[in-house]
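Participant: After the sequence you'll find the predicted model.
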Amino acid sequence: MIKSLIFSFIALAFTATNYAQKTIPLDTINWDIEADGYLFETYKGQPSIYLQGGSMTLKDVTFLNGTIEYDIQLKDERGFPGIYFRLNGSNGEQFYVRPHQRGNPDANQATGLINGISPWQFYFGKKYSFPYKYNFKDWTHVKLVIKNRKAQVFLDHAKEPNNSWELFHEPKSGKIRLTGGMNHGVHIANIKIDHSEPVLENFNPGERKPLENLIPEWEISDKFEESNLSDPVNLSSILAKRKWGKSISVEEGVAANISREVELRNNVPGNTVFARITITSDKDQTKLFEFGYSDRVVAYLNSQPIYKGNNRFQSRDYRYLGTIGLFDAIYLNLKKGKNTLLLAVSEDFGGWLVTGRFSDSSGLKIK
């Protein structure tokens, strides 16, 4: 009887441990794999999957809080292998590495997936990335600790977190998906998930200096095709077809994220929205307006086109990232009374964004 009780206790303890931290087998029973190619094989002594140009999503398991660990064999080539967690449709949380940026400040990236867009052109800098010299000769161990709105990453069994950050969505259970290294492919092994309550170590997220005096909110339209803007005469007909009523607010004191309210890649065609403010001026006057956008913009003041710009990734040189900031400026010839400023903002990838301010807003009321 005593032996039976001891055996039962050991069995229960094993079951509890196995549930708390489970190594997920690498097979098509546990994973939905969508990739250009994949291969299950023993690599450097570890059962692994070679994943090329795609992703693998864990079946029948959702994740909210806990710890996710895996090993990855990186190559010294351009790629973005990483992981999505709390993935619900086109929204979730994300961490990935940039092995080709080894040792650089942007050697990796924490970001959200927001209506299908990973806005790394918004969430950049030391708050969301850290320099790291990856070892291309052996496995890189990745450990993510997630609790409510907080996350930490530990690389190669570090005792202290390499980075801590605030997550981008309200906590909600979702899928786990790992991604490969574009066409080059990567090996992934030892995927473990622990659903038990995690402990955060020295949670100290980075800070970001906000831009001062930004317009806090923009009204935005539904989306339409950027090609409609090619002829300025079309503006009135484009506006007549637009639906309004949604607004976006500045986040982190930097920019407003259009993808919070508009989904770029769905069944509705279009890659452009109007972002609108109304400026009431106490007299006829000229004011300098500083602004930023991603990826492209056409600006209209009182229905007249006044500016066209391109801030896309690599649009200005091969190293240009297209990150958001107050990098452009125009002089607005305002009439006394109400003036309408429209920014037609078009997006490809990396962040659908708008921001702006008047360096001198005296005599103006902005809605």
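Facilitator: Yes, it's here.
Participant: just the strands in the stretch 1-150 of the chain please.
Facilitator: Counting by DSSP state E, counting those that start in this stretch, the stretch 1-150 of the chain has these strands, from start to end: 21-23, 31-34, 37-43, 46-52, 55-58, 66-73, 82-88, 91-97, 108-113, 140-147, 150-155.
Participant: is it true that N213 touches D360?
Facilitator: No - applying Cβ atoms under 8 Å as the test, N213 and D360 come out as separate, 9.6 Å apart. The C-beta positions use only the backbone N, C-alpha and C, and glycine is treated the same way.
Participant: wait, which of the strands of the stretch 1-150 of the chain is closest to N190?
Facilitator: strand 66-73 (4.6 Å; Cβ to Cβ).
Participant: For the protein, which helix or strand comes out least confident on mean pLDDT?
Facilitator: Every helix and strand in the chain was compared by mean pLDDT, DSSP states H and E; the lowest is helix 2-20, with a mean of 39.
Participant: Would you map out the domains in the protein?
Facilitator: In the domain annotation for the chain, the residue ranges read 21-194, 217-366 (automatic domain parsing).
Participant: In TSV, list the ones you listed along with mean pLDDT, mean neighbour count and distance to K209.
Facilitator: Listed next are the domains of the chain as TSV, based on pLDDT from 0 to 100; neighbours: other Cβ atoms under 10 Å; distance: least, Cβ to Cβ, whole Å:
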stretch	mean pLDDT	mean neighbour count	distance to K209
domain 21-194	96	18	9
domain 217-366	96	17	8
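Participant: Compare the ones you listed and give me the one nearest E207.
Facilitator: domain 21-194 (6.8 Å).
Participant: and I238, what helix or strand is that in?
Facilitator: Secondary structure from DSSP states H and E places I238 in helix 235-240.
Participant: need the next SSE after that helix, C-terminal direction.
Facilitator: Once the chain leaves helix 235-240, the next helix or strand it forms, by DSSP H and E, is strand 246-251.
Participant: Which neighbouring elements make contact with that next one?
Facilitator: strand 217-220, strand 255-257 (3 or more Cβ pairs under 8 Å, 6 or more residues apart in numbering; DSSP states H and E).
Participant: Tell me which of the ones you listed lies nearest to E170.
Facilitator: Comparison of the helices and strands packed on strand 246-251 against E170 by Cβ to Cβ identifies strand 255-257 as nearest, at 15.4 Å.
Participant: quick one: the helix or strand just after the closest one to chain centroid distance?
Facilitator: Remark: after strand 255-257, the chain's next helix or strand is strand 272-281, criterion DSSP H and E. Centroid separation between strand 272-281 and its chain, computed with Cα atoms, centre = their mean, to the nearest Å, is 26 Å.
Participant: Kindly report the same for stretch 137-147.
Facilitator: 19 Å.
Participant: same deal with stretch 26-44?
Facilitator: Distance, centroid of stretch 26-44 to centroid of chain: 26 Å (Cα atoms, centre = their mean).
Participant: Tell me the bridge partners for D328.
Facilitator: Counting by DSSP bridges, D328 is bridged to F291.
Participant: List the contacts of it.
Facilitator: By Cβ atoms under 8 Å, 6 or more residues apart in numbering, D328 lies in contact with E290, F291, G292, Y293, Y307, G309, N311.
Participant: Which single one of those residues is nearest to W352?
Facilitator: The closest of those, once distances to W352 are taken by Cβ to Cβ, is Y293, at 9.2 Å.
Participant: Figure out the helix or strand that that closest one lives in.
Facilitator: Using DSSP H and E, Y293 sits in strand 285-294.
Participant: Return the alpha-carbon coordinates of that strand using CSV.
Facilitator: Listed next in CSV are the C-alpha coordinates belonging to strand 285-294 (Å, rounded to 0.1, in the frame of the first residue of the first chain):
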residue,chain,number,x,y,z
GLN,A,285,-0.5,83.6,-41.8
THR,A,286,2.3,81.2,-42.8
LYS,A,287,3.3,78.5,-40.3
LEU,A,288,6.0,75.9,-40.4
PHE,A,289,4.6,72.3,-40.0
GLU,A,290,7.1,69.6,-39.1
PHE,A,291,5.9,66.1,-39.8
GLY,A,292,6.8,62.4,-40.3
TYR,A,293,5.1,59.5,-42.1
SER,A,294,5.6,56.0,-43.3
